[in-house]
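Visitor: Give me a model of this one.
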Amino acid sequence: MNKEIVKTEDAKQKLTLAVEHAITTGNLGALNVEQRLQYYKWVCDEAGLSMASQPFDFLVLNGKTVLYAKKAATDQLRKIHGVSIIKVEKEISDGMCVVTAYARDKDGKEDCDMGAVPICHLKGDAYANGLLKCITKAKRRVTLS
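Guide: Below you'll find the predicted structure:
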């Protein structure tokens, strides 16, 4: 058998095992750089997202490396699935900005979710960016839900 074919099959087997482990444990940290890129591409392809827009980041949360959907991902997902943000409510209380975003999909199904960001220590542009971050967070969460 051709050595290149064996090498390719071995690489596919290693990728399959690494991805299986990553998915079952919820930790992508065991994947090497090439495997992460292949996994990233696979997730983008499955969701119909453009890799060029960098829709995901690899983040370490609670000790696990995860694929985190950024605003670019949720914007594309809303377009693909016909999801509209129909209302956004903002409340500032006890140094927190809390935003509730309401969404409706093309079939009329509605959902809502919240985002919260501490803003009590912020001033000027940082305060404004905290408010915007909270809105983005709420929209992201309702889109993914």
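Visitor: Phi and psi next, for residue 11.
Guide: Per-residue torsions, residue 11: phi -60, psi -40 (degrees, to the nearest 10).
Visitor: tally of neighbours for it?
Guide: Using other C-beta atoms under 10 Å, residue 11 has 13 other residues around it. Glycine gets a C-beta too; all of them are placed from N, C-alpha and C.
Visitor: I'd like to know how far it sits from residue 66.
Guide: 24 Å (C-beta to C-beta, to the nearest Å).
Visitor: Check residue 126 and give its pLDDT.
Guide: For residue 126, the pLDDT comes out at 97.
Visitor: go on, residue 4?
Guide: Reported pLDDT for residue 4: 56.
Visitor: any idea which helix or strand comes after the host helix or strand of residue 80?
Guide: Applying DSSP states H and E as the criterion places residue 80 in helix 71-81. Sequence-wise, the next helix or strand downstream of helix 71-81 (DSSP H and E) is strand 84-93.
Visitor: Convert that next one to CSV, retaining C-alpha atoms only.
Guide: C-alpha atoms of strand 84-93 as CSV (Å, rounded to 0.1, in the frame of the first residue of the first chain):
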residue,chain,number,x,y,z
SER,A,84,-35.1,38.8,13.8
ILE,A,85,-34.4,40.7,17.0
ILE,A,86,-37.9,42.2,17.6
LYS,A,87,-37.3,44.1,20.8
VAL,A,88,-34.5,45.0,23.2
GLU,A,89,-35.0,46.2,26.8
LYS,A,90,-32.2,47.8,28.9
GLU,A,91,-32.2,48.2,32.6
ILE,A,92,-29.4,49.7,34.8
SER,A,93,-29.5,48.7,38.4
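Visitor: Show the subsequent helix or strand relative to it.
Guide: strand 96-104.
Visitor: and the next helix or strand after that next one, what's its mean pLDDT?
Guide: Using DSSP H and E, the next helix or strand after strand 96-104 towards the C-terminus is strand 110-118. Averaged over strand 110-118, pLDDT sits at 97.
Visitor: one step back: can you mark which positions in the helix holding residue 80 are buried?
Guide: With burial defined by 16 or more other C-beta atoms under 10 Å, the residues of helix 71-81 counted as buried are 72-78.
Visitor: and the residue nearest to residue 40 when sequence neighbours are not counted, bridged to which residues?
Guide: Among residues not flanking residue 40 along the chain, residue 56 sits closest, at 6.3 Å (C-beta to C-beta, 6 or more residues apart in numbering). Per DSSP bridges, the residues bridged to residue 56 are residue 69.
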